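S.K.: below are the sequence and a predicted model for it; my questions follow.
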Amino acid sequence: MARFDGQVALITGASRGIGAAVAVRMAEEGADVAIACLEQADLAEAVAERVRALGRKAVVLQGDLTSARGPRQLLKDFAEHFDRLDVLVPAAGNAEICALEDMDVDTWQRSFSIHLEAVLHTCQAAHPLLKASGGRIVMLSGVGARAAFTGYAAVGAAKAGLESLLQYMASEWIKDGIRVNAVSCGTVDTGILERWPIGARVRSFLERKTVGVGIAKPEDIAPIVTFLASPESRYIVGQSVVADGGVTLGIDFEQWVRQAYGQDATFAGQEPS
Amino acid sequence: MEFAGKVALVTGGSRGIGLEISRRLAQGGADLIIGYKKDLENAEKAKAEFEALGRRVQLVQADLRKPAGVDALFEEVAAGLDQIDILVLNAAFGTMGEVLRMGRASWRASYDTNVLSPMLTAKGALPWLKRKGGVITATSTLGAHTAYPTYVAIGSSKAAMETLVKYMAFEWAKYGIRANSVAAGPVETRAIDWFRDGDAVRIFTAKKGLAGRMGLPSDIADVAVWLCSQQSHWIWGQSIVAEGGILCGVDYDDWMEENVDRNEFTAEGGA
């Protein structure tokens, strides 16, 4: 018997990337799955087919979670297909790279809308169903909330807000039997690097920093999400679990100097090449 | 004097922690640009006090909830003292309420004032801060680090702001600009009575905190002004928590029924 048999998971941003991997993983572990997406219904339907091939029910739900009515409409649509909700994974996101000096109000607000407000309001809308089932929420955060990465301010700050929201939600909803946690990822190879102007530099950085584990794939994150959604993690409340392959762990002075100055660097007044 | 020849812009600088920061900067020799939303009376009082010390003081009325308010602020700066060496991001706003009751409008209002506006304000001040290098200090809250009752809109928006400040430090170090935050535990200001039970906050802080009393605006201003000074020159992109020791340790005796006597405390007249 799989640990999510008879349970239902709702995953947003599930047409691709981490959300898609979580949807499939939840199904592998026994859950029926609602796959929410913004527009790429064909991709979402492909994910749904993978879920059905595992013998589980899958439904694709489409909607804009940053709109005022979006989150409530999503849960309304969800309730037409399922009579319970056990696991909510709000994974929808779209990281845009922008330096603070070039930041405009719209870019900033887009990040906070999708990474924070949409999560808040989707969780609120799901609260009654989650309360009824003793449900779990697993959010997706990023290590850019705690350390500054090039061009990542709008996402990093929004994710910091999310990690704080996580603490508030977890502490207020635990009495309702709802457990809330997050996985804080490093950069995951979801295709986003190809959309970033600095993607090639980021990949080069990750290749050097993740020796031993490799650059993260969505499938590396999914089992951590399902663990936090499972009874095995029942005593973990309001935490953000860092899963970055050690990228933000430790400082390697020598490696850094070799990268910047070359193999034979000495300290005597060298400039980066 | 530490701040002689420097100009400090303090948003929300006419009362509470912001006023205390303005006062210490003025006492340290800084000229001041004080942003205030509507409390002209207190702003005028502060102006008179600091001018009596020989400082130049420019008052700027600004509603920093809207981007247009930020633009207006810097038009006045350009027409006024036309200099900023120290930027104190202190103006704050928030709606109290539990997560489940947070509506779209109240959530946005908190984030507009506490995150978007500091971003735009720092960007607006950047041309002046770049001239000779400068410092940015933001006031935050312990509620960004742990969950307070009904405080999610403020606490989480300040968490976002602290990370924003870290990115400012990261991106603008090349201009010689240093940015940090101070995260304040409960402090005796108007905001304490926004809690359902303000006295509970006062009693908790004084009884559980290692400092043994309620926090005062000056406790936080001391840290903030230190972060504005050369004394802290090796601190970059950090948030310094200043909370009187309320999070340090768990005392089981606090939870013993016989040790809980709220009346005894309030009879003493509070902290």
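M.R.: Looks like it arrived, so ask away. Residues are numbered from 1 along each chain as shown, chains lettered A, B, ... in the order given.

S.K.: give the contact list for the residue nearest to B:Leu120 when sequence neighbours are not counted.
M.R.: Distances taken as Cβ to Cβ, 6 or more residues apart in numbering or on different chains place B:Val70 nearest to B:Leu120, at 4.4 Å, with adjacent residues excluded. C-betas here are computed from N, CA, C, even on glycine. By Cβ atoms under 8 Å, 6 or more residues apart in numbering or on different chains, B:Val70 lies in contact with B:62, B:64, B:117, B:120-121, B:124.

S.K.: pretty sure B:Val70 is in a helix, no?
M.R.: Yes - counting by DSSP: H, G, I helix; E, B strand; the rest coil, B:Val70 is found in a helix.

S.K.: for B:Ala122, see how far away it is.
M.R.: For B:Val70, the distance to B:Ala122 equals 10 Å [Cβ to Cβ, to the nearest Å].

S.K.: likewise for A:Arg195?
M.R.: As judged by Cβ to Cβ, A:Arg195 and B:Ala122 stand 27 Å apart.

S.K.: what about B:Ile235, how many residues close to it?
M.R.: Residues lying near B:Ile235 (other Cβ atoms under 10 Å in any protein chain shown) number 14.

S.K.: so it, which state does it fall into?
M.R.: Under three-state DSSP, the three-state class of B:Ile235 is coil.

S.K.: so what's residue 41 scoring on pLDDT?
M.R.: Just so you know, I chose chain A. Looking at A:Ala41, its pLDDT is 93.

S.K.: should've been chain B
M.R.: For B:Glu41, pLDDT reads 95.

S.K.: let me know the secondary structure of it.
M.R.: Under the three-state scheme (three-state DSSP), B:Glu41 adopts helix.

S.K.: what does B:Ala183 give?
M.R.: Under three-state DSSP, the three-state class of B:Ala183 is strand.

S.K.: so where do the strands sit in the chain?
M.R.: Looking at chain A here, since you left the chain open. Ranges of strands within chain A are A:8-12, A:32-37, A:58-62, A:87-90, A:136-142, A:179-185, A:240-243, based on DSSP state E.

S.K.: that was the other one, I meant chain B.
M.R.: B:7-11, B:31-36, B:57-61, B:86-89, B:134-141, B:177-184, B:239-242.

S.K.: will you turn these into CSV that also has mean pLDDT?
M.R.: Shown next, in CSV, are those (pLDDT from 0 to 100):
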stretch, mean pLDDT
strand B:7-11, 98
strand B:31-36, 96
strand B:57-61, 97
strand B:86-89, 98
strand B:134-141, 98
strand B:177-184, 98
strand B:239-242, 98
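
S.K.: ok so, going back, tell me which of the contacts of B:Val70 is nearest to chain A?
M.R.: Comparing the contacts of B:Val70 against chain A with Cβ to the nearest Cβ places B:Leu120 closest, at 7.4 Å.

S.K.: isn't that closest one up against A:Val105?
M.R.: Yes - between B:Leu120 and A:Val105 there is a contact under Cβ atoms under 8 Å: 7.4 Å.

S.K.: who has more neighbours out of those two?
M.R.: Remark: of B:Leu120 and A:Val105, B:Leu120 carries more neighbours, 23 against 13, as counted by other Cβ under 10 Å.

S.K.: do you know the pLDDT at that one?
M.R.: We have a pLDDT of 97 for B:Leu120.

S.K.: what pLDDT does the nearest residue to A:Leu193 once chain neighbours are set aside get?
M.R.: Leaving out its chain neighbours, the residue that sits closest to A:Leu193 by Cβ to Cβ, 6+ apart is A:Gly199, at 3.8 Å. We have a pLDDT of 93 for A:Gly199.

S.K.: between B:Leu120 and A:Val105, which contacts overlap?
M.R.: By Cβ under 8 Å, 6+ apart, the residues touching both B:Leu120 and A:Val105 are B:Pro67.

S.K.: so B:Gly35 is in contact with B:Val10, correct?
M.R.: Yes - counting by Cβ under 8 Å, B:Gly35 touches B:Val10, with 6.8 Å between them.

S.K.: in the stretch 1-150 of chain B, what residue is nearest chain A?
M.R.: B:Ala147 (4.3 Å).

S.K.: hang on, that residue packs against A:Ser171?
M.R.: Yes - using Cβ under 8 Å, B:Ala147 is in contact with A:Ser171, at 4.3 Å.

S.K.: any shared contact partners between these two?
M.R.: Joint contacts of B:Ala147 and A:Ser171 (Cβ under 8 Å, 6+ apart) are A:Gly238.

S.K.: and stretch B:228-246, how far out from the chain middle?
M.R.: 13 Å (Cα atoms, centre = their mean, to the nearest Å).

S.K.: that one near chain A anywhere?
M.R.: Yes - interface with chain A: stretch B:228-246 contributes B:Gly237 (Cβ under 8 Å from any Cβ of the partner chain).

S.K.: run through the residues of chain B sitting next to chain A.
M.R.: B:67, B:98-100, B:102, B:104, B:107-108, B:111, B:115-116, B:119-120, B:122-123, B:126, B:144-147, B:151-152, B:155-164, B:166-172, B:237.

S.K.: using PyMOL, define a selection of the buried residues within these.
M.R.: Buried members of the residues of chain B next to chain A, defined by 16 or more other Cβ atoms under 10 Å in any protein chain shown, are picked up in PyMOL with:
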select buried, chain B and resi 67+99+102+107+108+111+115+116+119+120+122+123+126+144+145+146+147+151+152+155+156+157+158+159+160+161+162+163+164+166+167+168+169+170+171+172+237
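
S.K.: how about the residues of chain A near chain B?
M.R.: Contact residues (Cβ under 8 Å from any Cβ) of chain A with chain B: A:68, A:99-101, A:103, A:105, A:108-109, A:112, A:116-117, A:120-121, A:123-124, A:127, A:145-148, A:152-153, A:156-165, A:167-173, A:238.

S.K.: which of these are buried?
M.R.: Neighbour-count burial (16+ other Cβ under 10 Å) applied to the residues of chain A next to chain B gives A:100, A:103, A:108-109, A:112, A:116-117, A:120-121, A:123-124, A:127, A:145-148, A:152-153, A:156-165, A:167-173, A:238.

S.K.: just the ones of the residues of chain A next to chain B in helices?
M.R.: Counted as lying in helices by DSSP state H, out of the residues of chain A next to chain B, are A:105, A:108-109, A:112, A:120-121, A:123-124, A:127, A:153, A:156-165, A:167-173.
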